[in-house]
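>>> here you go, sequence then predicted model.
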Amino acid sequence: MSESKNIDKILVSQHIKDLLKNLNLPEKVYIFDTTLRDGEQTPGISFTLQEKIQIATQLNKLGVDIIEAGMPIVSEGDYLACKEISKLGLDAEIIGLARINREDIDKVIECDMDAIHVFIATSELHMKEKLKMTPEQVLSAITTEIEYAKEHFGKKIEFSAEDATRSDLDFLIKANKMAIEAGATRINIPDTVGTVVPRVYSYIIQKNIEQFPKGVRVSVHCHNDFGLATANTLAGVEMGASQVQTTVLGIGERTGNAAMEEVVMSLYALYGISTNIKYKYLYETSKLVEKLSGLEIPVNFPMVGTNAFKHESGIHAHAVIENPRTYEPLTPELIGINRKDTLTDILEQSIEVGKHTGGHSLGAKLESFGIIVNDVQFNEIRNRVKKIGDKGKKITDMDLYEIAISVIGEVPNEEQTIKLEELSVICGKNVTPSATIRLKVKTNNDWAEKVAADIGVGPVDASYNALAKVWEQFGYGKLFLSEYHLDAITGGTDALGRVKVKLEDMFGNYINARAVNPDIVMSSIQAMINGMNLYLMKFRKK
Ligand code: KIV
Ligand code: ZN
């Protein structure tokens, strides 16, 4: 049962409630998640099979209705993921994407999926420039191939006219109606390049729905090129669309798709429309996708960003103490956020842990942050806390949080390819900064020692240049350090330095990695090595 009936809605005036009542809103909206398909088309993101299974399982726990597991024709990896996810026996419907052609459709059939999502472009631009087909050929392919899918697959068929919003409206409606006649029971209307505004999108949805027989489910799929994906998605729902295609954190082609977090919580809180989503698992789903995608949730991301439930000004903070609804549209607990998860809270508590902190209290502290670790990660966190404690530094909750997050984000010890053995740097006045680095590097299951030295404009630059020399010996091409951020976590000269890096190859694949250490040169180099290990694990496999 949807949870929305049990929880009070956003506090708006009766006038607004009356206005909402007069809209043609569907009673229920189905969530079609395309994180594993359109989401994985995000430049730089690539999930392994295990990661895809983990995400599908989590999406199922969250309560999404449909999981688009991939497009089997695209690669061996997608094919396998579609097959394996279909075998999991999840409650969610598992759907595979196919172009309107025999080979693509047969691949989905081979994967034994619950449903097929077929698409072909209907805009003049796409038909002429990309497909090299006439409009008549497109219409004929829709009929022939959907009839083929109906006969040979025999399960649910969803049809998308790609670039629908830039298509001639009459032609779009004609194509959709032909798809329905041939056997499609769900019609998705994509704003492929994110080029409409909410009013225009509602009009397109309305005109289509008017022409469809009853019982055909209309779905919306919006891209975020102008930052309108969620607004357009909701505009489609206002016109009666009862299915939304979204991705976790809005990942997807270019600037992404409509974000599930925004859409689902707007449906619940702003419209009072029910879905099958179990809101309490929303935050952990976003955090899982953050971790596996290597992306970092922007602090101001709606609902799940670090700042979503933080209050800076005294006026706000005092009002929230009296009644959180004064400045919070929802309670964070609703979507599974423990208030202690927010960095401000952690900083405010600032309870110190150190080298004498026992395993039990360390475990309790991690648990209070909502951080779940396995035994190996736990021991690694404890070792790092001890090492830093041995140097005489007290570790605040904030430090501990950072240490835990960086350990969780690292490649497991046994899968690492590069390990730092020694780093020495020389810098100061009137000397050219230089660094020597000694690494252990695994090739063909054997560990070899590599030493390299270089100079740079400063100690971090010199160390990175030395590290890059070892990297080049792998022969995987250059890895560019495209972003570098250094922060002191808490005040003082003994503060832990947190370094976040983004490493990018020449194909646009990238990895975000981080590390913390009281020595900022060490945290810089460790973050880069963490990034290299992650890169090798993700992209070399692919
Ligand atoms: O954006 C788009 O048009 C798509 C279709 C395949 C549905 O992703
Ligand atoms: Zn798309």
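Structure received. None of these values were measured; they are calculated from a predicted model. Ligands and ions are numbered 1, 2, ... in the order given.
>>> isn't residue 413 right up against residue 376?
Yes. Under the criterion of C-beta atoms under 8 Å, residue 413 makes contact with residue 376 at 7.0 Å. In this view, the C-beta of every residue, glycine as well, is placed from N, C-alpha and C.
>>> count the neighbours of residue 27 for me.
8 (other C-beta atoms under 10 Å).
>>> got it, and residue 133?
Using other C-beta under 10 Å, residue 133 has 16 other residues around it.
>>> tell me which parts of the chain are close to ligand 1?
Residues of the chain lying near ligand 1 by C-beta under 6 Å from any ligand atom: 38, 119, 160, 162, 188, 190, 192, 221, 223.
>>> checking my notes, the third one in a strand, right?
The one in question is residue 160. Yes. Under DSSP: H, G, I helix; E, B strand; the rest coil, residue 160 sits within a strand.
>>> bridging residues for it?
With DSSP bridges as the criterion, residue 160 is bridged to residue 119, residue 188.
>>> mind listing what it touches?
By C-beta atoms under 8 Å, 6 or more residues apart in numbering, the contact list for residue 160 reads 117, 118, 119, 187, 188, 189, 190, 221.
>>> want to try CSV for those residues, with pLDDT as columns?
Converted to CSV, the contacts of residue 160 look like this (pLDDT from 0 to 100):
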residue, pLDDT
117, 98
118, 98
119, 98
187, 98
188, 98
189, 98
190, 98
221, 98
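>>> now, the most widely separated pair of the residues of the chain next to ligand 1?
Farthest pair in the residues of the chain next to ligand 1 (C-beta to C-beta) is 119 and 223. Separation: 14.1 Å.
>>> hmm, back to that, can you list the contacts of residue 160 in TSV and add distance to residue 304 and neighbour count?
Converted to TSV, these look like this (distance: C-beta to C-beta, whole Å; neighbours: other C-beta atoms under 10 Å):
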residue	distance to residue 304	neighbour count
117	27	26
118	33	27
119	30	24
187	31	25
188	26	24
189	27	25
190	25	22
221	22	28
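>>> quick check, nearest of these to ligand 1?
residue 190 (3.4 Å; C-beta to the nearest ligand atom).
>>> and whichever strand or helix holds residue 421, which strands flank it?
According to DSSP states H and E, residue 421 maps onto strand 418-426. Strand pairing for strand 418-426, determined by DSSP bridges: strand 434-443 (antiparallel).
>>> mind listing what's buried in the partner strand?
In terms of neighbour count (16 or more other C-beta atoms under 10 Å), strand 434-443 has its buried residues at 434, 435, 436, 437, 438, 439, 441.
>>> swap in stretch 111-126?
By neighbour count on 16+ other C-beta under 10 Å, the buried set for stretch 111-126 is 111, 113-123, 126.
>>> also stretch 403-410?
By 16+ other C-beta under 10 Å, the buried positions in stretch 403-410 come out as 403, 404, 405, 406, 407, 409, 410.
>>> got the CA positions of it in PDB?
Only the C-alpha atoms of stretch 403-410 are listed here, as PDB (Å, rounded to 0.1, in the frame of the first residue of the first chain):
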ATOM      1  CA  ILE A 403      37.700   8.700   7.400                       C
ATOM      2  CA  ALA A 404      34.800   6.200   7.200                       C
ATOM      3  CA  ILE A 405      33.400   7.700   4.000                       C
ATOM      4  CA  SER A 406      36.800   7.500   2.300                       C
ATOM      5  CA  VAL A 407      37.400   3.900   3.400                       C
ATOM      6  CA  ILE A 408      34.000   2.900   2.100                       C
ATOM      7  CA  GLY A 409      34.700   4.600  -1.200                       C
ATOM      8  CA  GLU A 410      38.000   2.800  -1.800                       C
END
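>>> by mean pLDDT, point me to the weakest helix or strand of the chain.
Ranked by mean pLDDT, DSSP states H and E, the weakest helix or strand in the chain is helix 343-349, scoring a mean of 39.
>>> and after that helix, which helix or strand comes next?
Once the chain leaves helix 343-349, the next helix or strand it forms, by DSSP H and E, is helix 359-368.
>>> that following helix packs against which elements?
helix 375-390, helix 397-408 (3 or more C-beta pairs under 8 Å, 6 or more residues apart in numbering; DSSP states H and E).
>>> could I get those helices as a markdown table with mean pLDDT?
Compiled in a markdown table, those are given as follows (pLDDT from 0 to 100):
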| stretch | mean pLDDT |
| --- | --- |
| helix 375-390 | 84 |
| helix 397-408 | 80 |
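>>> re the thing from before, strands - which of the buried residues of stretch 111-126 land there?
Using DSSP state E, 115, 116, 117, 118, 119, 120, 121 are the members of the buried residues of stretch 111-126 that sit in strands.
>>> surely the first one and residue 93 touch.
Yes. Distance between residue 115 and residue 93: 5.5 Å, which falls inside the contact criterion (C-beta under 8 Å).
>>> mind showing which ranges of the protein have poor pLDDT?
1-11, 312-314, 317-318, 321, 339-358, 368-370, 393-394, 489-494, 540-542 (pLDDT under 70).
>>> show me where the stretch 51-200 of the chain has strands.
Counting by DSSP state E, counting those that start in this stretch, the stretch 51-200 of the chain has strands at residues 66-70, 93-99, 115-121, 156-162, 186-191.
>>> separation between the closest residue to residue 42 other than its chain neighbours and residue 474?
Among residues not flanking residue 42 along the chain, residue 251 sits closest, at 4.6 Å (C-beta to C-beta, 6 or more residues apart in numbering). Counting by C-beta to C-beta, to the nearest Å, the separation of residue 251 from residue 474 is 28 Å.
>>> separation between the residue located most distally from the centre of the chain and residue 174?
Using C-alpha atoms, centre = their mean, the residue of the chain lying farthest from its centre is residue 430. It sits 46.9 Å away. Distance, residue 430 to residue 174, using C-beta to C-beta: 77 Å.
>>> and which of the buried residues of stretch 403-410 is nearest to ligand 1?
Nearest to ligand 1 among the buried residues of stretch 403-410, with distances taken as C-beta to the nearest ligand atom, is residue 409, at 29.4 Å.
>>> Provide a list of residues in contact with the closest one.
Applying C-beta under 8 Å, 6+ apart, one finds that residue 409 lies in contact with 291, 513, 514, 530.
>>> next one: residue 61
With contacts defined as C-beta under 8 Å, 6+ apart, the neighbours of residue 61 are 278, 281, 285.
>>> so which of these is the most crowded?
Counting neighbours by other C-beta under 10 Å, residue 285 comes out on top of the contacts of residue 61 with 27 neighbours.
>>> any buried residues in the helix or strand where that one lies, and which?
Element membership for residue 285 (DSSP H and E) is helix 282-293. Going by neighbour count (16+ other C-beta under 10 Å), the buried part of helix 282-293 is 282, 283, 284, 285, 286, 287, 288, 289, 290, 292, 293.
>>> hmm, the second one is touching residue 337, no?
In other words, residue 283. Yes. Proximity of residue 283 to residue 337 meets the contact threshold set by C-beta under 8 Å, at 4.8 Å.
>>> so what's the residue count around residue 66?
Residue crowding around residue 66 was assessed by other C-beta under 10 Å; the count is 24.
>>> that one and residue 34: what is the separation?
Taking C-beta to C-beta as the measure, residue 66 falls 9 Å from residue 34.
>>> all set, thanks.
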